[in-house]
Each structure stands twice: as structure tokens, then as C-alpha cells.
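**Q** Next comes the sequence, and after it the predicted model I'd like to discuss.
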Amino acid sequence: MTNRRAEFINMVDHLTDVPQKIVQKEARLASQSPYRQYYHIEGESGAIGDPNGFSYFNGKYHLFHQWSPLAFSQSPHYTQHGWKHLISKDLVHWENLGAGMESDTPLDRYGTYSGSAIPVEDKLFLMYTGNTWVNTQSEDDWHRVPFQVGAMMDKDNQVVKWTKPLMKGPLPGYTGHFRDPKIFKKDDTYYAVLGIQRENLTGTALLVKSKDLKNWKIVGEIKPTANQSLGYMWECPDYYEIGDNGILEFCPQGLKEKDNHFRNIYQNGYFIGKKLNLDTGEFDCQNFQELDKGFDFYAMQTMQSPDDRRILMAWMGISDIEYPTTKFHYNGSLIFPREITVKNNHIYQSPIREIKNIYSTNYTGKVTVKHCEKVNAGNVNARDIKIDVDCSSADYLILDLFADQKNTNHLRLIFNQKKNEFIVDRSHCGVSFAEAYGNTRFCSLDLSKKVKVRILQDISSAEIFLNDGKEVFSLRLFSPSEDHNIFLTSHNGTSVVDYDIHELQKIM
């Protein structure tokens, strides 16, 4: 049985309730980490997680995320939890506003869990899950009571939580796992999708609706025509539409590994099909597809930009994994924002165009690789790498990043033309972690013709996009800063690589 008492020792309502010398000590230790990134969002200390309330309001982008800045504090250990609030004009440069919301009311006493936001007239409406427990005086009989909670934020970024819950769980036929509302509006009605667990311990998504944001009616479970039996819980659902396509993204927990799919502890993906029937929950869709095949990707959330792009954010991490940064009392990162498009019932992802705002030195060239070639691209692992790969005349091409001088340590990308397969291998890249879940990820890839590859490289992460983002791999890695070399190696034949590489400025 989980020791809940240990989880909530020295629990405080607000970070300001903690002696500042302790908060500053945690931040100092985190700042000493050699793995701090240049342009990916991280916390000053503690743990960060799911993006929340991703929206555009009052002329700026607003991004909240799960936030526990004292998660690794010791002697004493404090428990504080909430949403961190960031704002931006370009989705690249972010201003830190500190606490957006904290766990300080009877409805969210034990956790301000994930949620979303939508502009309503001159305010931003926030909808989230407040976590509470009952029977807390017992040692092993705690029961979860989830509330769906509303709040309003004004143009001065001041949030006022509503005292009356929008919904209370558990609902009849379901367990206490009922969370992560994603709100959207269609015509004159507000809707939200939530993750929920049935009493038979299977996961699904629930659709609810409201005219006034205060009184919510259950439409019912979303009923996909595709494979519905996906794990024991669906977290972080998000429904949106692009053109004639309806898309339901979510994170199913409890999927078994199958071939090269579902190899993480917890998974991510989507159904795509016709638009969701908002009256019945019927959803005519294709089978479940993974959104990101990498090691570290979860809890995705999207928003519509003012110029009608669908923008995706996600946590570049997985629960229950201990990352090497915990030594420095911090953990977690978010991906760099991505634009989503749809082709042939498949989601394509690409880094937002605003990344050009942090371009610096440019390196371009064309290499005919017969054996091994080193690519000159500066000496810092913060790059936007665009390459065209033609290995049709070789057995396979290897691209090594984060490599030392002898190329014995590296993040290895293998383009296997013989098997038409792409492989990501981090087994020889810095500090080992999460080895129980494997060091490789792969996908099928037609290498009989030229392949477009794009890689966002940061100090301790990589986001890999193949063929305009048809396949994507996100991952964390923790190698020494001097391992900044790039090598190309062609085996049993010649490969041709065109490259266009931009160094990226440090902004975090």
C-alpha cells in the first residue's frame, strides 16, 4: 500500500509559506547541473510535468504546467504543488510569472491536477482536476475524491478559483480516477473531454457539456469505432478538429509492448477520423496510432493559435522514471512547441516556425560519405539540424550526435537501407537510466529514396522528425558537455548527406 502520509509530509498551501533560504537552496543546486538546457522549458528546481491551460489570451500565449519546486527538498522535506504560469509573445521566449495556482482549497488540497483553459469574454476560464483524499487518519484506507474545478483569470493574470465544484467523483460505474479536463467550444456550447477509469479497471474518455460553464451534463463515453480496449486508464485527453478530421489524443496506461510499439511505461497516441458526434459521443475513426515513438513523451495538450495553427506542447518525461537530474534536485522538461498538420489520416509534427527567432551561426554543406566523416557545426549541443539523407547505395548510414572525439560515446541514429528501418540508440550516450525499458526505439522507413530528417538538439534532449514529421522520436539524454561532435559513417557503399544546421541561442 502506498504510504500517503509520506507523500504529504510538511504540506504547505503556497511556496511563500516555506522559508526562502530553503527555496533558494533548491534553486542553487539545480542551477549547478551540467544538463540545464538552452531553449527547452525546465523548472528552477523540483519536478515539472504536464502542460496545462495552454491558450492564447490578452495578446499573449499562456502556458501553465505541473509544478512541485520542493519535490526533492530534504531535512526537512516540504510538499507543495500547483501550476506554474509562463507567458510569451512568440512561443519561444517565455516570461516566468511564478505560481498560477497552488493546492490551497478544500477542492484541491492534495493536488492541483491537470486541466485546460479557454478565453471567455475578457477573462480566461481555467478548468482542472482538484485531488482530495478521505479517511486520511487511517494508515491504509485513503480514498480518492476528485473534483472538477473552475477558475477565472483576469487580464492582470490574477486567478480566482470557484468554491463550488463543477463535478464531483467518483461517478456511478467509475473509480476515483477521473481527471484532466480539456475544454473546447462548438457553436454556443462548451464541451470537455476527461480521462476516467471504469469500475472494471479499463480506461476511457468521458464527454461532458455546459451552456454556462457552471452546470455540466454528462453526454457519455466517447465511443470510437476502432479498437477501444486500451489499458486501465486514459490520461490527458484532448479533442480537436483539423479540416474535416476529428482527433482524440490521450495517454493510455497499461498497454502491453507489441513489436516496436508501446515500449515505454506509459504511452501516448490518438484516434483520427470523422468529426466527433457531440450529441452521442460516437466517433468514426481509424485504429490507435502513437504520436511520438521516442523514450520520453507524455501528457500532450494542444491549442489554436491566432493564425489558426494547431500547436502542440507535451511533457518530455515519463512518470516513475528517475532521471539523472534528480541528483541536482530537479526533474522534467517540456518539448519545443510543434505545429500539427494532417495528411492521409496521419498527424505530422514540425517545430514551430518561430524557432528562427533564436537562430545564430549557420553551417551548410554536402558530404559524400564513403567511410566516416566529421561534420563541423560548432561546439555546443544546441542546434536545429536539417539533413537530407540518401543511403540507397549503401547498406546503412549512421549519424552520431553528442559524440566524443573518438566517437565511442554518442546518440546513434541508424538508417538501415537493407531493412528499411530507422533506429535510435542511446545505449552509449552519457549516464545510463531507465534501462529496464530498453535503449533503442525504431520504425519502418523507406530508404530506397531520399529521406528528410530534422533534429532539435539541446544540452540534454533530442527531438527527431522524419519526413516532415510523419514519425517523431523525443528523448532525454545526459552526456558530458565536451561530447558535442557529429559524425557520419556509411557502411558497404556510399551515402550522400546535405545538411543545413543552425546553432541556437541560450534563452532559458
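**A** Received, thanks. Residues are numbered from 1 along each chain as shown.
**Q** Point out where the protein drops to low pLDDT.
**A** 1-3, 139-140 (pLDDT under 70).
**Q** remind me, longest helix of it?
**A** helix 20-31 (DSSP state H).
**Q** Show me what it is packed against.
**A** Counting contacts by 3 or more Cβ pairs under 8 Å, 6 or more residues apart in numbering; DSSP states H and E, helix 20-31 packs against no other helix or strand. Placement of C-beta: from N, CA and C, glycine included.
**Q** One more pass at 10 Å, please.
**A** strand 46-57, strand 330-331 (3 or more Cβ pairs under 10 Å, 6 or more residues apart in numbering; DSSP states H and E).
**Q** Show me the helices in the protein, by range?
**A** 4-7, 20-31.
**Q** and the angle from the last one to strand 46-57?
**A** Note on geometry: by axes from the mean of the first three to the mean of the last three Cα atoms, to 10 degrees, helix 20-31 and strand 46-57 are set 90 degrees apart in direction.
**Q** quick one, what contacts residue 335?
**A** If a contact means Cβ atoms under 10 Å, 6 or more residues apart in numbering, then residue 335 has 40-41, 51, 292, 294, 296-297, 300, 312-317, 349, 351, 456, 461, 463, 472, 474 as its contacts.
**Q** and if we set it to 7 Å?
**A** Neighbouring residues of residue 335 by Cβ atoms under 7 Å, 6 or more residues apart in numbering: 313-314, 316, 463, 474.
**Q** Then residue 267?
**A** 251-252, 255, 290.
**Q** Angles on the backbone of it, please.
**A** In terms of degrees, to the nearest 10, the main-chain angles of residue 267 are phi -110, psi 170.
**Q** so what's the residue nearest to residue 110 when sequence neighbours are not counted bridging to?
**A** Spatially, and ignoring its direct neighbours in sequence, residue 110 is nearest to residue 131 (4.9 Å; Cβ to Cβ, 6 or more residues apart in numbering). In this entry, residue 131 is beta-bridged to residue 146, by DSSP bridges.
**Q** To what extent is residue 131 buried, counted in neighbours?
**A** 20 (other Cβ atoms under 10 Å).
**Q** Likewise for residue 49?
**A** 20.
**Q** Now that it has come up, it's in contact with residue 332, right?
**A** Yes: using Cβ atoms under 7 Å, residue 49 makes contact with residue 332 at a distance of 5.7 Å.
**Q** and for the two, which residues touch both?
**A** Common neighbours of residue 49 and residue 332, using Cβ under 7 Å, 6+ apart, are 315, 317.
**Q** The residue lying closest to residue 374 once chain neighbours are set aside and residue 63: what is the separation?
**A** Residue nearest to residue 374 in three dimensions, not counting chain neighbours: residue 487, with 5.6 Å by Cβ to Cβ, 6+ apart. From residue 487 across to residue 63, the span is 36 Å (Cβ to Cβ, to the nearest Å).
**Q** One more: residue 328?
**A** Note on residue 328: its distance to residue 63, by Cβ to Cβ, is 24 Å.
**Q** Over to residue 409?
**A** 34 Å.
**Q** Look at the two and report which has more neighbours.
**A** Set residue 409 next to residue 63 and count neighbours by other Cβ under 10 Å: residue 63 wins out with 26 against 18.
**Q** ok, for that one, nearest residue in space, not its chain neighbours?
**A** Once flanking residues are discounted, residue 63 sits nearest to residue 86: 4.7 Å by Cβ to Cβ, 6+ apart.
**Q** in stretch 465-474, what counts as buried?
**A** Within stretch 465-474, the residues scored as buried using 16 or more other Cβ atoms under 10 Å are 465-466, 469-474.
**Q** May I see those residues arranged in TSV, with distance to residue 271 as well?
**A** Converted to TSV, the buried residues of stretch 465-474 look like this (distance: Cβ to Cβ, whole Å):
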residue	distance to residue 271
465	22
466	22
469	19
470	18
471	18
472	18
473	21
474	21
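**Q** Bridged to the residue nearest to residue 374, which residues?
**A** Judged by DSSP bridges, the bridge partners of residue 487 are residue 374, residue 400.
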